[in-house]
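# Sequence and predicted structure are below.
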Amino acid sequence: MSAETVTVPEPPDTSRSSARTPAVASAPSPDAGRRRWFVLATVALAQLMVVLDATIVNIAMPSAQRALGFTDNDRQWIVTAYSLAFGSLLLLGGRLSDLFGRRRMFLIGLVGFAVASALGGAARTFELLVAARALQGAFGAVLAPSALSVLTTTFFDPKERARAFGVFGAIAGMGGAIGLLLGGYLTENVSWRWNLYVNVVIAVVAVVAGLVLLPRTGGTARHRLDIIGVALGSAGLFALVFGFSQAEPKGWDAPLTWAPLAASVLLLGAFAWRQRSAANPALPLEVILDRDRGASFLSILVAGSGMFGVFLFLTYYLQATLHFTPMRTGLAFLPMVVAIIVTSQVQSNVLLPRFGAKALVPLGMMLGAVAMTWFTTLGATSSYWQVLPGLVVMGAAMASIMPASFQLATLGVDQRLAGAASAMVSTSQQVGGAIGTALLNTLAATAASHYATAHGPVSPTVLGAATLHSFTTAYTWSAGIFLLGAVLSAMLFRSRAAREIRVAERVALGAEPVPAH
């Protein structure tokens, strides 16, 4: 057996066809047609659990800090532990979904995430809480790509697929806002620990539904895991996320920042080289070299970077400047959630089939820039009614970007590579969030420091003004990120008529590889 690959046993229900032989899907029965929508609900529930976890824990942080007695400097590790494990293991999670079966890995991810959440909720020490968060990230890296690959291989009809991805993309866009709302309620009325325990409740429902609804699937005919490729890719992503996570607390010139970032370039470069020569690559290049898929991954990354300005700095503004409680802060984001739900269905079912992603994604990016520019006008005496228009526009922006990008990121991909393509979607979100966190936090902190220095002796008034200035700086740069995304997406997405999309869907139904462009 080669030292570079590991061969694992063949499940009894796996097709015996060659890995190069298309596995043509059978026509769905009427019962299967009805079950698909229950499958969508199950997958959406799992996706919601993963996405809301990014913000729900942040709301609980002050209460957890008082209960467990950790320092302000230690707070970052509760977030970093999750993002490091999640970001670095996504590639492995996606490949495992392809090798061992989507249903199996989906259920393993759900159970593991629930157990990790229970451990975190019951944690009596800071160290145990951090370990539980890392475990959450690891199982989240298994759950997220398997959930999306289940969706990808369940819906083939263009209209149904558009509707399904509209729902899935809407959850990706509004999950953070739901996390703020739910986290605020649980923190104020129950306990910060329930911000973690709530995942157990969601997971139990999703596991039961998954056991009943999801069909048993085997993996690919040849079960080989490229150990070297997975190690290089995971190490490169770990270094990338870790380097960006250290930029704000340590500074960009600190060795803990630039050394991991430099290492990530080398490791990911070696990973790309490995994928060209490996017999069973961890990430087949056909997944990312298709022009529309590459544009989708980049759009998701850019949107993830720009959205950070809403969920972090606008939350700070509502609580620190407008003196909203955590619960009221969560409620403040409800109009954005409604805008995402309504707009995503219109975009996915009406506009995307007619105009394509080349029109909708740049439009969404432009709307994101408009929303961020609107937020720069907020001041110390502003009211929530001045915040509201920006939230609604941002909701429409995310509903234009995410469903279209999610759909094209997996459109026409060989079903045997659905997990790898889905992992790239989640990786793009995670890396985008890491970049946005590091970049906008650093720019905001620098702006606040310069403002305070330039405006005389430090006083509460000066500090308040410096904080507002830092928010404005973050919004301005977020607007710039969205504008960059508008240009790149307009350049990269191909024009596709509805007829071409249907052809690609039929290719996916036959599980035939789509050539790179």
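Cool, got the structure.
# contacts, neighbours, all on C-alpha from now
OK.
# so which strand or helix has the residue nearest to Trp477 when sequence neighbours are not counted?
Excluding the flanking residues, the one nearest Trp477 by C-alpha to C-alpha, 6 or more residues apart in numbering is Leu440, at 7.3 Å. Assigned by DSSP states H and E, Leu440 belongs to helix 418-454.
# Check the gap between Val212 and Thr42 for me.
Distance, Val212 to Thr42, using C-alpha to C-alpha, to the nearest Å: 10 Å.
# and the two? which has more neighbours close in?
Ranked by neighbour count (other C-alpha atoms under 10 Å), Val212 and Thr42 place Thr42 first, with 24 against 11.
# Hmm, Val265 is touching Phe238, no?
No - look at Val265 against Phe238 with C-alpha atoms under 8 Å: they stay out of range, at 11.4 Å.
# hmm, who's touching stretch 475-482?
Under the contact criterion C-alpha atoms under 8 Å, 6 or more residues apart in numbering, stretch 475-482 has outside partners 302-303, 305-307, 309-310, 365-366, 368-373, 375-376, 440.
# mind giving me the domain ranges of this protein?
32-214+282-509, 226-281 (automatic domain parsing).
# Take the ones you listed and lay them out in TSV including mean pLDDT.
Output for the domains of the chain, formatted as TSV (pLDDT from 0 to 100):
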stretch	mean pLDDT
domain 32-214+282-509	86
domain 226-281	88
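# winner for burial among those domains?
domain 32-214+282-509 (a mean of 22; mean count of other C-alpha atoms under 10 Å).
# That domain: how far from the chain's middle?
The chain centroid and the centroid of domain 32-214+282-509 are separated by 4 Å under C-alpha atoms, centre = their mean, to the nearest Å.
# Excluding chain neighbours, what is closest to Ser305?
Gly436 (4.0 Å).
# Let me see the contact set for the one you found.
Per C-alpha under 8 Å, 6+ apart, neighbours of Gly436: 304-309.
# These in helices, which ones?
Using DSSP state H, the subset of these located in helices is 304-308.
# now what about stretch 236-246, what contacts it?
80, 83-85, 87-88, 252, 256-261, 263-268, 431, 434-435, 437-438.
# Using PDB, write out every CA atom in stretch 329-349.
The C-alpha coordinates for stretch 329-349 follow below in PDB (Å, rounded to 0.1, in the frame of the first residue of the first chain):
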ATOM      1  CA  THR A 329     -30.000  44.200  19.300                       C
ATOM      2  CA  GLY A 330     -31.100  40.800  18.000                       C
ATOM      3  CA  LEU A 331     -34.600  42.100  17.200                       C
ATOM      4  CA  ALA A 332     -33.000  45.100  15.400                       C
ATOM      5  CA  PHE A 333     -31.700  42.700  12.800                       C
ATOM      6  CA  LEU A 334     -35.100  41.100  12.100                       C
ATOM      7  CA  PRO A 335     -35.900  43.500   9.100                       C
ATOM      8  CA  MET A 336     -32.700  42.200   7.400                       C
ATOM      9  CA  VAL A 337     -33.800  38.600   8.000                       C
ATOM     10  CA  VAL A 338     -37.200  39.400   6.400                       C
ATOM     11  CA  ALA A 339     -35.500  41.100   3.400                       C
ATOM     12  CA  ILE A 340     -33.300  38.100   2.900                       C
ATOM     13  CA  ILE A 341     -36.200  35.600   3.000                       C
ATOM     14  CA  VAL A 342     -38.300  37.600   0.500                       C
ATOM     15  CA  THR A 343     -35.600  38.700  -1.800                       C
ATOM     16  CA  SER A 344     -33.900  35.300  -2.000                       C
ATOM     17  CA  GLN A 345     -37.000  33.600  -3.300                       C
ATOM     18  CA  VAL A 346     -37.600  36.300  -5.900                       C
ATOM     19  CA  GLN A 347     -34.000  36.200  -7.000                       C
ATOM     20  CA  SER A 348     -33.700  32.400  -7.200                       C
ATOM     21  CA  ASN A 349     -37.100  31.700  -8.800                       C
END
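# List of residues touching that stretch?
Stretch 329-349 is contacted from outside by 159, 162-163, 165-167, 169-170, 173-174, 177-184, 315, 318-319, 360, 384, 388, 391-396, 398-400, 403-404, using C-alpha under 8 Å, 6+ apart.
# Could you rerun that using 6 Å?
Residues from elsewhere that reach stretch 329-349 (C-alpha atoms under 6 Å, 6 or more residues apart in numbering): 162-163, 166, 170, 174, 177, 180-181, 391-392, 395-396, 399.
# Could you do stretch 304-323 as well?
Applying C-alpha under 6 Å, 6+ apart, the contact partners of stretch 304-323 are 324, 429, 432-433, 436, 471, 475, 478, 481.
# For Pro145, see how far away the residue nearest the centre of the chain is.
Residue closest to the average C-alpha location in the chain (C-alpha atoms, centre = their mean): Gln429, at 3.9 Å. Counting by C-alpha to C-alpha, the gap between Gln429 and Pro145 amounts to 12 Å.
# How far away from the center of its chain is the helix or strand hosting Ser63?
Under the criterion of DSSP H and E, Ser63 resides in helix 30-68. Computed by C-alpha atoms, centre = their mean, the chain-centroid distance of helix 30-68 equals 12 Å.
# by contact count, what packs against that helix?
Packing contacts for helix 30-68, counted by 3 or more C-alpha pairs under 6 Å, 6 or more residues apart in numbering; DSSP states H and E, involve helix 158-189.
# Quick check: what element follows the helix it packs on along the chain?
Helix 158-189 is succeeded, C-terminally, by helix 194-213 (DSSP H and E).
# With just CA atoms, put that next one into PDB.
C-alpha atoms of helix 194-213 as PDB (Å, rounded to 0.1, in the frame of the first residue of the first chain):
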ATOM      1  CA  TRP A 194     -28.100  27.600  26.500                       C
ATOM      2  CA  ASN A 195     -26.400  29.500  23.700                       C
ATOM      3  CA  LEU A 196     -24.500  26.200  23.300                       C
ATOM      4  CA  TYR A 197     -27.200  23.800  24.600                       C
ATOM      5  CA  VAL A 198     -29.600  25.000  21.900                       C
ATOM      6  CA  ASN A 199     -27.500  23.200  19.300                       C
ATOM      7  CA  VAL A 200     -28.300  19.900  21.000                       C
ATOM      8  CA  VAL A 201     -32.000  20.500  20.600                       C
ATOM      9  CA  ILE A 202     -31.600  21.400  16.900                       C
ATOM     10  CA  ALA A 203     -29.300  18.500  16.300                       C
ATOM     11  CA  VAL A 204     -31.700  15.900  17.800                       C
ATOM     12  CA  VAL A 205     -34.400  17.000  15.400                       C
ATOM     13  CA  ALA A 206     -32.100  17.000  12.400                       C
ATOM     14  CA  VAL A 207     -30.600  13.500  13.300                       C
ATOM     15  CA  VAL A 208     -34.100  11.900  13.600                       C
ATOM     16  CA  ALA A 209     -35.200  13.500  10.300                       C
ATOM     17  CA  GLY A 210     -31.900  12.500   8.700                       C
ATOM     18  CA  LEU A 211     -32.300   8.900   9.700                       C
ATOM     19  CA  VAL A 212     -35.800   8.800   8.300                       C
ATOM     20  CA  LEU A 213     -35.400  10.900   5.200                       C
END
